[in-house]
Every structure is written in structure tokens, then in C-alpha cells.
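[1] show me how the following folds:
(chains A and B)
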Amino acid sequence: MPDAPGLELIRGEIEGDHPGAVLETSFDRDQAALIVEPGQLLEVLSWLRDAPGHGYRFLSSLHAADYLPAEPRFGIHYELLNRNRAERIRVKAMLGDPPSGELPQIDSCVELFPTAEFQEREAFDFFGIVFRGHPELTRILLPDDYVGWPQRRDFPLGGEPVTFTYNEHADG
Amino acid sequence: MVETLAEDITTEVMTVNIGPHHPATHGVLRLIVDLEGEVVREVKPVVGYVHTGIEKSCENQSYWKVIPFVERMDYVSYFFQMEAFCGAVERLVELEIPPRARYLRTIFLELNRIHSHLVWLGTTALDLGAISMLWYCFRERDRILDLFEMATGQRMHTRYFQVGGVIEDIPLGFEAKLREFIAEMPVRVEQYEALLDRNEIFLSRTKGIGIVSRERLLELGVTGPLLRAAGEPWDLRKVFDYLAYPEMDFKIPVGTVGDGYDRYRVRLAEMVESVRIVEQALDGLPEGPYIADDRKYVLPPRSELPVSMESLIHHFKLVTEGYRVGPGEIYYSIESPRGELGCFLLADGSAKPARVHFRDPSFVNLQAFRDMSVGGYVADMIASLGMLDPILGGVDR
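    Okay, here's the model as predicted:
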């Protein structure tokens, strides 16, 4: 992990190349995170990947989380890893809930990190987050005809029809 | 006439569906394969057949009740799932676990790694025609399960790791039984080698098969034995400081070309290294408590309940409500038998997690399957899948 001053240095360097890209930093429980402007996500990711002296070239994990009732409510997390220095940094893009019927959108990072392909599909599958430019953005774990985004916090647990209705009548 | 027909068979691209219920797919995996004759031109894995919404279910359980859920994701490496989750909670609440618990966890994780590799070796060798391997591997696997049963009461899904340590100390006689096992295991590994390393069929079906370059594997996020077989000495046990690994002396086996044979060699060598770790951890097992003494997170000992009112209150509150975890988020990763297993945990201050996400190594590694199989024969695709070692319970969660 970069330490807290190290994180501020990284932020300063990114600010120099891409003004306004980093909105905030957080250093919590020894984990460093950059909260970025979603529109400039790819610039920050490719900077962290390619800038000399940094080289966060390995994307360990990409996942989404729903921070309801906070606004903006969706967080997309990119756990980057510098394998030479054994340092992790988290890049976080926060997305608001657009007006009804639309899905939140963010740029896909598959071009930068091919490993993101399945993981972006997973985030789309469970949170309904659209990754612009993803080669094949379809549901991955749920059936293709599934309706709804089940990992959102306002999606109820249970209450959906069960596929197997063997003893439906017996139970009344 | 016959000639033109024969030509058509070899040039026409045919789409074949393999699975989801097929013994060679090691679980419920479906492959949509485009074949030109016997040559694979395109392959698309379709997953999700055993998706049970574990991550969503976890959001509705208090923290201590999540442990049995996450164990059932990757059902072959359940101790690793527990460690990823418990370690993440411990880091969120900043709870230090006692040295004895660190060592006990290391012992069980490494036994689980041997167990997982044995399941892999038995089933993969079975796919490649070496049928008797399954019985030899499962014989040793059963001894590990006996050890698990002796210490934890369960053979699989043991719920042994708790936030703060482990649920119980190892019983009398466990050490002797474990020492007997670790004395024997390296000999067994040599026997597996003797069975497979001179097996002409096994060699010709693994050597030079499924090669993907190291750079490409890294791009695809592949970790674990697959990456090490391609020559990259990357192991989270060495890189990050967790449990008793910094105090252990062990090597990271690496391969050279990264074909199926290298993957097999790396996993066999890892079993021997795991035996060494278990032995060192057993020799250096510190005395003292096996679980932290923080009553806000850890159940009080059973013996205190009839005599101490305060313990009774703690016990009642922990079991009914569970403990609250202050707002925060954490990503904790460990080296599982298949690669980097990460647990992302988001806490909102209540007694239930707001998000539990597992970065499952099988799920990510499966993306390399296309690179391994396209351009080769369909039979080699099955060999590559075996060498990839995906556990579909972990992929689908």
C-alpha cells in the first residue's frame, strides 16, 4: 500500500496531467483509495498503469457496491496492484441513479485490462451498470431473461417465483 | 463423391454444445465450441448454472452467520473462503488474533491446499485416462478429511475459523495423527509422480498443450499455479504479510513453458511445500489462547456461562444480534489453491454486511480458457480445462 503521504503525491501527479480527475482520496485501515470523476476514469486508470515509476499494471478485482441511501449510490471499485512494489491502490468511481428507466453508465476498461471482461459483466448482471464499449455486455451468472438487478440494496430478498413447483399444491 | 464428402467434414465449421452436465467439465460448466473437424476455432464458456445468490444472502445475515455461507462458494477450498471472510472482518474491526490461532489457521489452510490439489489431480488424471489416480488421490484426501473431522467435527464445511481465531483448540492425539500424515505425504507424492511421469499417454496429452504466454496470463488476471507454471514466481503468501507465512520457510515452485505438464509439476511441488509449512507450523505452534479475548466480538468460553452474569449477557447479545461493525470497506486477499482469493466487505455500521463480494480465482482464470484451447484439438481442450482447475461453485457463487 502507498502510505497516506504517498497517496497524496500520486493524487498531485494525476492532478497535474488530468485536472479535476481525482475528486477525493481516502486512507482507511491501511488501504489507499482514489475517488475519481467517472468521466475521467480511463485516464486515471491508464495513468496509474503506464506512468513511469508507478506501474499498477495488474487489475486484481473489479466489483460494484450499492451505497444506498448515500448519493451517488453506486460505487465501482478497481483494485489495482503494483506487483513489483507489492502495493495495492483502489480506484473508486461513484455513479448516481439516473432518472427512472435508465441505467447508470461508465466507460469499460476492457481495453486497458482484459481481465475486466467477466467482472464488468458480473457488475452489469447484478447492479445494472452499463459499461460503455464492453465487447459483449450480457448477463453472466443469471439467466438471460431475468428481470431486475438483484444485488441492489432496494431489491427485496425472496418473493420471486420459484422455478420448481413440484409440491406447490401440497403446500397450498 | 466420397472425397467431396470427406472435404466437407473437415472444412465445415460445426458448433457443438458440451455440458452443462458433462463429467469432463468438472462441475456445471457449459462450453459452446466451434469445431472445424477436430480443431477448436472458438470456445465460449457459459457459467451461472449453480448460481445461488450467496453474496445477496450474506447481506441478510449477521457477520458470524455469514461464515457457513461463504464456505459453500468454492466447496473444495472452504478453509480459504473462511479465512478471506474472517480476515476481512478482523481487519475492519482491527482485531488482532492470537499467535496460536495464526498458526492453527496456517496448518488448516495448507492441509486444505493439499486436499484441493489432490481432488484436482485425481479428477484431471481421470480425464486423461489415468483412472487409477483417482483412488490413490482420494485415499490421501480421505486422511485429510479425517484430520478435519477430528479437529472440527466436520469433514467438509467445517466453520472452524471464527472472527478472532478458531472455534476450538486441536484435540489430544491430533498432533500425532497429523505428524503421521506429513511423514507419509511426500512419499505419496513421489508415488504419484512415478505413476504419471512415465505414462506415455499422460505425457503426450499434457506436454506442449494449452500454452499461454506469461504476459497474456497477467493481462487476463490469471493467478495461482497457472501463472506460476508460466514462470512467474507470484505468490501472495510471500508478498503480503498474513497469518504465520512470514515465519515459514518455503519455496515457490515455478514452471518454464506453462503447458499442461508444467501446471501438473507446479501443483505436485506445491503439495510438498505445503507439507513443509504444516510441519514447521506444528513444530513452532505457540502455546496460549486460540481465540482473541475481545468479548465484544468473540463468544465467551462455555465454562463461564453458569458463573458469570456478564459472560451470559455477552453470549446472549452476540448470538441474538451479532456484533456491529463500524462503517468502512476492506479488500483482503489470500493465496488460495487456485490463485488470488479476495474478499471485499462493505460495512454500514449495522450487524449485517452491506456488501460481500468474493473475487474468485476460478471465475477470473476461466477467461484464459479461450486462449488455451483455440487452435488445438478438442481432446486437448478437455485436458486444458482439467489443468485450469475451475470450481464452478466458486465461479457461480
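
[2] up against chain B, what does chain A have?
    Within chain A, the positions adjacent to chain B are A:28-29, A:31, A:57-61, A:63, A:65-67, A:77, A:79, A:83, A:86, A:88, A:90, A:113-115, A:117-119, A:122, A:126, A:139-143, A:150-151, A:153, A:157 by Cβ under 8 Å from any Cβ of the partner chain. C-betas here are computed from N, CA, C, even on glycine.

[3] among these, the buried ones, what's the PyMOL command?
    Remark: buried members of the residues of chain A next to chain B, expressed as a PyMOL selection using 16 or more other Cβ atoms under 10 Å in any protein chain shown:
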select buried, chain A and resi 31+57+58+59+60+61+63+65+66+67+77+79+88+90+113+114+115+117+118+119+122+126+140+141+142+150+151
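
[4] can you tell me which of the residues of chain A next to chain B end up in helices?
    Residues from these lying in helices, with DSSP state H as the criterion: A:117-119, A:122, A:126.

[5] I'd like those residues as TSV, with pLDDT appended.
    Formatted as TSV, these follow (pLDDT from 0 to 100):
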residue	pLDDT
A:117	91
A:118	92
A:119	92
A:122	93
A:126	91
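
[6] wait, which of those residues is closest to residue B:315?
    Nearest to residue B:315 among these is residue A:126, at 36.1 Å by Cβ to Cβ.

[7] need the contact list for residue B:52.
    Residue B:52 sits next to B:396-397 when contact means Cβ atoms under 8 Å, 6 or more residues apart in numbering or on different chains.

[8] surely it forms part of a strand?
    No. Read with DSSP: H, G, I helix; E, B strand; the rest coil, residue B:52 is coil and lies in no strand.

[9] now residue B:345. Its backbone dihedrals?
    The phi/psi pair for residue B:345 (degrees, to the nearest 10) reads phi -130, psi 130.

[10] tell me, how many residues neighbour the closest residue to it other than its chain neighbours?
    Take residue B:345 and drop its neighbours on the chain: the residue closest to it by Cβ to Cβ, 6 or more residues apart in numbering or on different chains is residue B:88, 4.5 Å away. If you count neighbours by other Cβ atoms under 10 Å in any protein chain shown, residue B:88 ends up with 24.

[11] quickly find the element holding residue B:88.
    helix B:78-93 (DSSP states H and E).

[12] what's the average pLDDT for that helix?
    Taken as a whole, helix B:78-93 has an average pLDDT of 93.

[13] try stretch B:289-306
    88.

[14] which parts of that stretch are buried?
    Across stretch B:289-306, burial judged by 16+ other Cβ under 10 Å covers B:289-292, B:295, B:297-300.

[15] tell me which helix or strand the spatially closest residue to residue B:199 that is not a sequence neighbour sits in.
    Distances taken as Cβ to Cβ, 6+ apart place residue B:130 nearest to residue B:199, at 6.1 Å, with adjacent residues excluded. For residue B:130, there is no enclosing helix or strand under DSSP H and E.

[16] give me the number of residues near residue B:130?
    When neighbours are counted by other Cβ under 10 Å, residue B:130 comes out with 20.

[17] before we move on, back to that, after the helix holding residue B:88 comes which helix or strand?
    Scanning forward in sequence from helix B:78-93 by DSSP H and E, the next helix or strand is helix B:99-127.

[18] elements contacting that following helix?
    The contact analysis (3 or more Cβ pairs under 8 Å, 6 or more residues apart in numbering or on different chains; DSSP states H and E) places helix B:99-127 against helix B:78-93, helix B:132-152, strand B:165-166, helix B:174-196, helix B:260-283, helix B:378-388.

[19] tell me the spacing between the closest residue to residue A:72 other than its chain neighbours and chain B.
    The shortest distance from residue A:72 to any non-neighbouring residue, by Cβ to Cβ, 6+ apart, is to residue A:96 (3.7 Å). According to Cβ to the nearest Cβ, to the nearest Å, residue A:96 stands 18 Å off from chain B.

[20] check residue A:96 and give its pLDDT.
    The per-residue pLDDT of residue A:96 was computed as 87.

[21] and it, how far from residue A:64?
    Residue A:96 sits 14 Å away from residue A:64, going by Cβ to Cβ, to the nearest Å.

[22] settle it for me: which of the two has more neighbours?
    Ranked by neighbour count (other Cβ under 10 Å), residue A:96 and residue A:64 place residue A:64 first, with 28 against 10.
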